[in-house]
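K.L.:
sequence-free structure coming up:
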């Protein structure tokens with residue numbers, strides 16, 4: 001398991017075996033480290049070097065990798081003047097999907113991956129979305145890429161095709177998205193787990209009369225008795 005921890009220092013990468021009683025191990029650090037994906041062979045952890053992976057900020061984000069076969073050595077994967085973040089590797093390891101504001105707003109892009117001395121991108125980057133995006137997920141068999149567009153719709157994109165809208169997420173739920181995941185999808189791409197903050201109960205209006213009397217406690221009644 002790979003995760004970040006922010007204690008008294010800048011958030012940094014850690015890995016930990018899933019067996020009980022196994023200690024966690026910190027990796028090399030070069031500033032902010034927000035992990036976004038792990039290649040299936042277990043060698044490379046992809047991370048963003050900013051704490052704001054969903055939106056553009058003053059310090060433009062880059063995508064880096066930690067090579068666990070080389071002692072956690074760090075190297076940039078995508079480093080440009082633009083804000084790149086949310087990197088996710090396709091299940092077959094041939095593509096990386098990520099967000100970039102190269103067009104003026106965050107959109108989903110894809111680029112080929114290859115391994116030389118370390119993980120690198122090669123060839124042109126391909127624009128996938130056209131209406132802005134918030135977060136993305138690969139279908140686990142690698143046949144489709146899903147992303148949440150700026151219009152609140154979840155789209156499906158198959159290599160060589162065009163994005164197709166699937167369904168819309170309520171605006172209240174989008175506001176609750178706080179990480180690059182945002183939603184998840186089953187292996188066959190037919191079932192989704194999406195956030196929701198809308199109560200299933202219809203709103204009700206309650207009126208209280210004479211509420212001023214509730215502000216001042218009443219004195220307890222005095223009882224008298226005679227012999």
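P.N.:
Everything's here; your move. It should be emphasised that the depicted structure is a prediction, and the values quoted were computed from it without experimental measurement.
K.L.:
please count neighbours and contacts with C-alpha atoms only from this point.
P.N.:
OK.
K.L.:
can you tell me which residues contact residue 45?
P.N.:
Applying C-alpha atoms under 8 Å, 6 or more residues apart in numbering to residue 45 gives the contacts 2, 35-39, 65-68.
K.L.:
what strands flank the helix or strand encompassing it, and is each parallel or antiparallel?
P.N.:
According to DSSP states H and E, residue 45 maps onto strand 44-48. Paired neighbours of strand 44-48 in the sheet (DSSP bridges): strand 34-38 (antiparallel), strand 63-67 (antiparallel).
K.L.:
go through those and pick out the most buried.
P.N.:
Most buried of the strands paired with strand 44-48 by mean neighbour count (mean count of other C-alpha atoms under 10 Å) is strand 63-67; its value is a mean of 24.
K.L.:
against residue 150, how distant is the nearest residue to residue 141 once chain neighbours are set aside?
P.N.:
Nearest residue to residue 141 in three dimensions, chain neighbours excluded: residue 187, at 6.0 Å (C-alpha to C-alpha, 6 or more residues apart in numbering). According to C-alpha to C-alpha, to the nearest Å, residue 187 and residue 150 sit 24 Å apart.
K.L.:
more neighbours: which of these two?
P.N.:
residue 150 (18 against 14; other C-alpha atoms under 10 Å).
K.L.:
how close does the more buried one sit to residue 165?
P.N.:
From residue 150 to residue 165 the distance is 12 Å (C-alpha to C-alpha).
K.L.:
returning to what we had before: surely the residue nearest to residue 141 and residue 143 touch.
P.N.:
No. Under the criterion of C-alpha atoms under 8 Å, residue 187 is not in contact with residue 143, lying 9.6 Å apart.
K.L.:
what does stretch 162-172 contact?
P.N.:
With C-alpha under 8 Å, 6+ apart, stretch 162-172 has contacts from 128-129, 152-157, 194, 196-198.
K.L.:
can you lay out those as JSON lines showing pLDDT, secondary structure and distance to residue 44?
P.N.:
Listed next are the contacts of stretch 162-172 as JSON lines, based on pLDDT from 0 to 100; DSSP: H, G, I helix; E, B strand; the rest coil; distance: C-alpha to C-alpha, whole Å:
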{"residue": "128", "pLDDT": "94", "secondary structure": "coil", "distance to residue 44": "24"}
{"residue": "129", "pLDDT": "92", "secondary structure": "coil", "distance to residue 44": "26"}
{"residue": "152", "pLDDT": "85", "secondary structure": "coil", "distance to residue 44": "32"}
{"residue": "153", "pLDDT": "89", "secondary structure": "strand", "distance to residue 44": "31"}
{"residue": "154", "pLDDT": "89", "secondary structure": "strand", "distance to residue 44": "28"}
{"residue": "155", "pLDDT": "93", "secondary structure": "strand", "distance to residue 44": "27"}
{"residue": "156", "pLDDT": "93", "secondary structure": "strand", "distance to residue 44": "26"}
{"residue": "157", "pLDDT": "94", "secondary structure": "strand", "distance to residue 44": "25"}
{"residue": "194", "pLDDT": "80", "secondary structure": "coil", "distance to residue 44": "28"}
{"residue": "196", "pLDDT": "73", "secondary structure": "coil", "distance to residue 44": "33"}
{"residue": "197", "pLDDT": "69", "secondary structure": "coil", "distance to residue 44": "35"}
{"residue": "198", "pLDDT": "58", "secondary structure": "coil", "distance to residue 44": "38"}
